[in-house]
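*Asks:* Predicted model and sequence follow; I will ask about them next.
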Amino acid sequence: MRINRLNRIQLSYLPVFFVICLSLLFIAYLTLSEVSKQSAHKANNMLAHNVMQMIDNSLQSIDLAIDRQLLENDMISLFFQETSIRDRQYWDYRTAIVLNELLESHPLIDSIYLYRTRDNMVLSPTTFIRLDEFGDKQFVGRKLSSLQPFRWTSNREYREQSGDSTVDVVSLVKYANLSDRSLVVVNVSTERLSHLIRGMTPSGLNYFELSDVDGGVVATRDWPNAMKERWRERPESGAEWSNAQSEYTGWTVRSGVYEGGIMQWVSTLFYVWITLGFLTIAGGIIWLIFVTRRNYRPIQMISQRMTEYFQQKRQELTLPDRDDELKYIETAVNKLLDQSSLLLEQNKENLAYRKRHVFLQLLEGAVSGQTNEWRQEVEQFGGAIDHGRLLVAIVEIDGYQDISGKYTSRDLYLLKHVMYSALDEMAETETCRVWSEWIERHQLGVLFIMEHGGNADEQALTLLERLKAWVNRHLPYTVTVGVGNWQEDAANVVESYESALEALNYKASLGMNRIIKHTDIAAKPPLEILKQSQRVRAVGQSFRSGEVDWERHWHELFEEWREQLFTKDELLGMLNYLIYQLHKEISELPKEFQTIWNDGPHAQLNGIMGRQETLDTIQKECFGVLQDTFRRMSDLRESKHNHHLIRGVKQYIHEHYNDSNLSHAHLEKEFGLTASYLSRLFKEEFGVKFIDYLSQTRIEKAIELLKAYPDKTVQSIAEEVGYMHGITFIRAFKKYTGSTPGNYRKDLIP
């Protein structure tokens with residue numbers, strides 16, 4: 001391997017790296033080992049308590065069984081009582097059977113016998129002999145002379161007869177008869193206790209031993225023959241981990257682990273090894289510092305020479321005063337590159353802003369008085385404008401308010417940029433020059449510069465049609481284009497711009513997703529708002545009265561509007577007047593009808609006006625709202641018990657409106673209603689008094705006659721609709737329409 005600077009540095013650091021990593025691994029291993037050891041201690045302690053609890057339960061069950069037999073079993077009671085010799089043999093035999101049953105029901109019991117003081121006889125399940133011949137007579141003698149309370153004894157030897165082999169047992173002694181101090185002795189095999197411990201602790205890694213109150217071993221897990229060898233102390237083969245002492249017997253279960261060799265020795269020195277590990281890491285860090293300083297010394301010598309030069313440029317480069325020479329050089333170079341990139345980006349952004357600013361100045365007519373530099377910028381951005389014809393078109397995104405609510409600002413920017421780029425690509429195939437900039441958030445201004453000659457209109461409109469069709473296919477919105485008039489001079493571009501704005505303002509009337517030329521706005525007559533007031537009132541009155549004819553009046557009103565030309569502001573004015581008229585008419589109805597109107601429909605109609613842009617979309621959405629409102633009001637009217645009666649009165653008025661005698665008194669006779677009650681019902685149902693409703697019906701019929709029969713006199717029409725006096729008719733007609741019958745007829749003549 002070639003020993004260059006890089007390889008030398010790597011060889012210097014790799015040994016330190018391996019030493020530190022191994023030390024960290026060793027520390028981690030020791031830590032995990034200690035955690036495992038603590039967990040094992042807890043588990044071992046819990047197991048020791050469980051073993052002690054099981055032994056207690058077993059011994060207590062034997063204790064309780066003996067007490068129960070002494071108290072309840074007559075056989076045992078008769079054994080200690082005086083009986084005849086013939087009966088004595090029988091009861092002794094039966095008592096031996098009871099003892100045998102006790103022996104079989106408790107596997108831990110090795111033997112059990114009764115001692116009768118009266119005749120010094122001992123009875124076991126297999127033997128009935130005198131005490132002086134009994135193998136356990138010394139134990140019985142000690143208990144008879146002992147003043148200590150009886151409890152489970154320590155480990156002892158037991159034989160039934162003098163010639164038998166001994167068995168290690170623990171014994172429980174109880175008085176069977178207090179009057180003569182007769183005894184019952186139960187012997188539990190320590191070997192069986194060892195088997196019990198072994199069954200609860202299957203692991204061969206730990207030892208368990210049961211010791212008495214004096215510390216002597218009663219039973220063990222792994223040394224069942226220890227009793228024969230007279231083990232009385234805990235084995236020295238392992239460390240004690242836990243112990244559990246019985247409150248019942250006073251015995252203790254001790255548990256621990258066998259000697260683990262070198263691993264246990266390592267574990268016992270846990271903190272020593274941890275200290276050594278950290279010392280090794282500290283040594284490695286010192287080593288790293290030494291090696292780093294030694295390897296850095298040549299670099300430092302080179303950087304000092306370079307610093308002498310860059311020190312002169314420090315103020316110019318605005319670098320921080322630091323001692324890191326390489327960082328200093330790197331910062332200086334990066335600073336120069338960053339400044340260069342920043343200047344390029346700023347120049348690009350400033351160029352875009354400057355281009356848009358010059359474009360807006362051109363559209364706003366700020367051409368005269370500009371410097372040659374400004375004209376050079378115009379030529380740079382859009383080309384020469386002093387020679388050729390100029391046309392401004394404005395491409396407006398339809399429904400921009402709804403679109404801006406669906407997309408984020410970033411997505412909107414991308415969608416607008418796609419349309420802008422598509423227009424530039426399409427313009428490259430045309431002979432005319434095209435300059436486009438965003439003049440508003442939703443409006444793209446397009447300036448066409450056409451050299452003299454050629455079909456300028458066709459080229460411009462073809463390009464705009466291609467753009468509109470492309471947007472329809474590829475973008476989630478449509479566009480409407482307003483096209484101004486061609487101008488011969490750059491100073492008059494503002495006129496083309498204003499005419500394009502004016503044409504676009506008629507989108508509300510002509511519709512969206514189309515191209516509107518300035519010449520198109522003269523194709524339809526301008527809106528005559530005053531002539532629409534009668535139709536608007538008809539819609540409001542029929543809607544208030546609950547007549548289905550309101551839909552016909554609604555559609556006729558919008559059809560008349562479609563035949564006329566109007567701007568967005570004029571459309572909003574008409575719609576505001578329509579909503580005002582509806583609100584005014586509904587305000588005449590009872591409160592429950594006003595609640596239906598004010599709870600939603602009124603605000604919904606105003607919201608539609610602010611959101612939609614064309615007459616068709618506004619009509620469709622508003623009609624749906626009014627249909628739902630009309631249905632709810634009709635349901636409310638149907639729920640009233642006088643609904644059908646008042647509808648009959650209304651129908652009667654429509655059939656006899658031309659009767660000059662039609663009045664409250666006439667209807668009172670016809671329907672049996674008082675004048676005040678009839679007027680109140682009319683007010684609740686239709687929001688208008690009976691007299692006003694009758695006058696309204698007659699005037700509407702009179703208007704139809706004036707339209708249908710222009711040659712009829714006003715007096716004859718007044719008589720046909722139920723007015724005997726012309727003056728009364730003229731006064732009522734003017735109150736309803738705002739004009740006299742004669743003037744109204746004149747307004748109908750085109």
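*Replies:* Sure, I can see it.

*Asks:* Could you use CA atoms for every contact and neighbour count after this?
*Replies:* Will do.

*Asks:* pLDDT below threshold where in the stretch 51-200 of the chain?
*Replies:* By pLDDT under 70, the low-scoring segments of the stretch 51-200 of the chain are 147.

*Asks:* Tell me where it has strands.
*Replies:* For the stretch 51-200 of the chain, the strands defined by DSSP state E, counting those that start in this stretch cover 109-116, 121-123, 128-130, 156-158, 167-177, 182-189.

*Asks:* worst-scoring helix or strand of the chain, pLDDT-wise?
*Replies:* Within the chain, judged by mean pLDDT, DSSP states H and E, the helix or strand with the poorest mean is helix 314-317; its value is a mean of 51.

*Asks:* before we move on, back to that, tabulate the strands of the stretch 51-200 of the chain in a markdown table, adding columns for distance to Thr201 and mean neighbour count.
*Replies:* Below are the strands of the stretch 51-200 of the chain laid out as a markdown table (distance: least, Cα to Cα, whole Å; neighbours: other Cα atoms under 10 Å):
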| stretch | distance to Thr201 | mean neighbour count |
| --- | --- | --- |
| strand 109-116 | 21 | 23 |
| strand 121-123 | 37 | 21 |
| strand 128-130 | 40 | 15 |
| strand 156-158 | 25 | 18 |
| strand 167-177 | 22 | 21 |
| strand 182-189 | 19 | 22 |
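
*Asks:* what's the domain layout of the chain?
*Replies:* Per automatic domain parsing, the domain ranges recorded for the chain read 51-258, 350-522, 640-750.

*Asks:* and of those domains, who's closest to Lys620?
*Replies:* Relative to Lys620, the nearest member of the domains of the chain by Cα to Cα is domain 350-522, separated by 13.6 Å.

*Asks:* Work out the gap between the closest one and the centre of the chain.
*Replies:* 44 Å (Cα atoms, centre = their mean, to the nearest Å).

*Asks:* and what of stretch 32-49?
*Replies:* Distance of stretch 32-49 from the chain centroid (Cα atoms, centre = their mean) equals 44 Å.

*Asks:* and that stretch, what's its mean pLDDT?
*Replies:* Stretch 32-49 comes out with an average pLDDT of 76.

*Asks:* just so I have it, where are all the helices in the stretch 651-750 of the chain?
*Replies:* Listed in chain order, the helices found in the stretch 651-750 of the chain under DSSP state H, counting those that start in this stretch are 664-671, 675-686, 690-708, 714-720, 726-737, 741-748.

*Asks:* Quick check: closest non-adjacent residue to Arg118.
*Replies:* Among residues not flanking Arg118 along the chain, Asp180 sits closest, at 7.0 Å (Cα to Cα, 6 or more residues apart in numbering).

*Asks:* Need phi/psi at the one you found.
*Replies:* phi -120, psi 10 (degrees, to the nearest 10).

*Asks:* How many residues are close by it?
*Replies:* Asp180 sits with 12 neighbouring residues when counted by other Cα atoms under 10 Å.

*Asks:* That one contacts Asp119, correct?
*Replies:* No. Asp180 is not in contact with Asp119 according to Cα atoms under 8 Å; the separation is 10.6 Å.

*Asks:* so what's Thr252 up against?
*Replies:* The neighbourhood of Thr252, defined by Cα atoms under 8 Å, 6 or more residues apart in numbering, consists of 52, 210-213, 243-246.

*Asks:* could you redo the last one with a cut-off of 6 Å?
*Replies:* By Cα atoms under 6 Å, 6 or more residues apart in numbering, the contact list for Thr252 reads 210-211, 244-245.

*Asks:* What pLDDT is listed against the closest residue to it other than its chain neighbours?
*Replies:* Sequence neighbours aside, Gln245 is the residue nearest to Thr252 in space, at 4.2 Å (criterion: Cα to Cα, 6+ apart). pLDDT for Gln245: 83.

*Asks:* mind checking how far Gln245 is from His195?
*Replies:* Distance of Gln245 to His195, given as Cα to Cα, to the nearest Å: 19 Å.

*Asks:* distance between the biggest helix by length in the chain and the chain's centre?
*Replies:* Assignment by DSSP state H gives helix 5-72 as the longest helix of the chain. Chain-centre distance of helix 5-72: 44 Å, with Cα atoms, centre = their mean.

*Asks:* and Asp212, what are its phi and psi?
*Replies:* Torsion angles, degrees, to the nearest 10, at Asp212: phi -90, psi -170.

*Asks:* didn't it look like it was pressed against Val253?
*Replies:* No. At 9.0 Å, Asp212 does not count as touching Val253 under the criterion of Cα atoms under 6 Å.

*Asks:* Between these two, point out the one with more neighbours.
*Replies:* Neighbours were counted for Asp212 and for Val253 using other Cα under 10 Å; Val253 has more, 28 against 22.

*Asks:* any idea how far the residue nearest to Arg118 is from Ser146?
*Replies:* 15 Å.

*Asks:* try Gln619
*Replies:* Distance of Gln619 to Ser146, given as Cα to Cα: 116 Å.

*Asks:* Who has more neighbours out of these two?
*Replies:* Set Gln619 next to Ser146 and count neighbours by other Cα under 10 Å: Gln619 wins out with 17 against 10.

*Asks:* Mind checking what secondary structure the closest residue to His41 other than its chain neighbours has?
*Replies:* In this structure, His41 finds its nearest non-sequential neighbour in Trp241, 6.1 Å apart by Cα to Cα, 6+ apart. State at Trp241, reduced to three classes by DSSP: H, G, I helix; E, B strand; the rest coil: strand.

*Asks:* Trp241 contacts Gly256, doesn't it?
*Replies:* Yes. Counting by Cα under 6 Å, Trp241 does reach Gly256; the two are 4.5 Å apart.

*Asks:* Give me the more crowded residue out of the two.
*Replies:* Gly256 (21 against 18).
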